[in-house]
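Student: The following block contains a protein sequence and its predicted model.
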Amino acid sequence: MSKKLKSVPKFRSEAEERRFWETHDSSRHVDWSKAEQVRLPNLKPSTTAISLRLPVSLLDRIKVAANKRDVPYQSLIKTWLAEKTGNG
């Protein structure tokens, strides 16, 4: 016997939808047994610019490491952060 699913409400904004899913169990709205895996090869993750203050000596060492790898130092910082947070 399958359970009756609740309909997904209409949202006025992405923020409203995010708040809803943060506080509601999706299994009451979606039959996950019918879900299929998809690939989105052209999807680009959203990014946000941040300001990060580093000691000059640390930034100099990062730039040297980036130069040895022939990559921009900002890219090297992003790579290191992704690796350290398990997203790399």
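Tutor: Structure's in. What do you need?
Student: where in this protein is pLDDT low?
Tutor: Counting by pLDDT under 70, the chain has low-confidence residues at 1-2, 88.
Student: Can you check which helix is longest in the chain?
Tutor: helix 56-69 (DSSP state H).
Student: what's residue 8 in contact with, if anything?
Tutor: Residues near residue 8 by C-beta atoms under 8 Å, 6 or more residues apart in numbering: 29, 30. Every residue, glycine included, has its C-beta placed from N, CA and C.
Student: Helix, strand, or coil at it?
Tutor: coil (DSSP: H, G, I helix; E, B strand; the rest coil).
Student: What is the neighbour count of residue 78?
Tutor: When neighbours are counted by other C-beta atoms under 10 Å, residue 78 registers 14.
Student: what about it, which SS state?
Tutor: Going by three-state DSSP: residue 78 is helix.
Student: rewinding a little: restricting to C-alpha, output the longest helix of the chain in CSV.
Tutor: What follows is helix 56-69, C-alpha atoms only, in CSV (Å, rounded to 0.1, in the frame of the first residue of the first chain):
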residue,chain,number,x,y,z
VAL,A,56,51.5,39.3,3.6
SER,A,57,54.0,36.5,4.3
LEU,A,58,51.3,33.9,3.9
LEU,A,59,50.0,35.4,0.7
ASP,A,60,53.6,35.6,-0.7
ARG,A,61,54.1,31.8,0.1
ILE,A,62,50.7,31.0,-1.6
LYS,A,63,51.8,33.0,-4.7
VAL,A,64,55.1,31.2,-4.9
ALA,A,65,53.3,27.8,-4.6
ALA,A,66,50.9,28.9,-7.3
ASN,A,67,53.7,30.1,-9.6
LYS,A,68,55.4,26.7,-9.3
ARG,A,69,52.2,25.1,-10.4
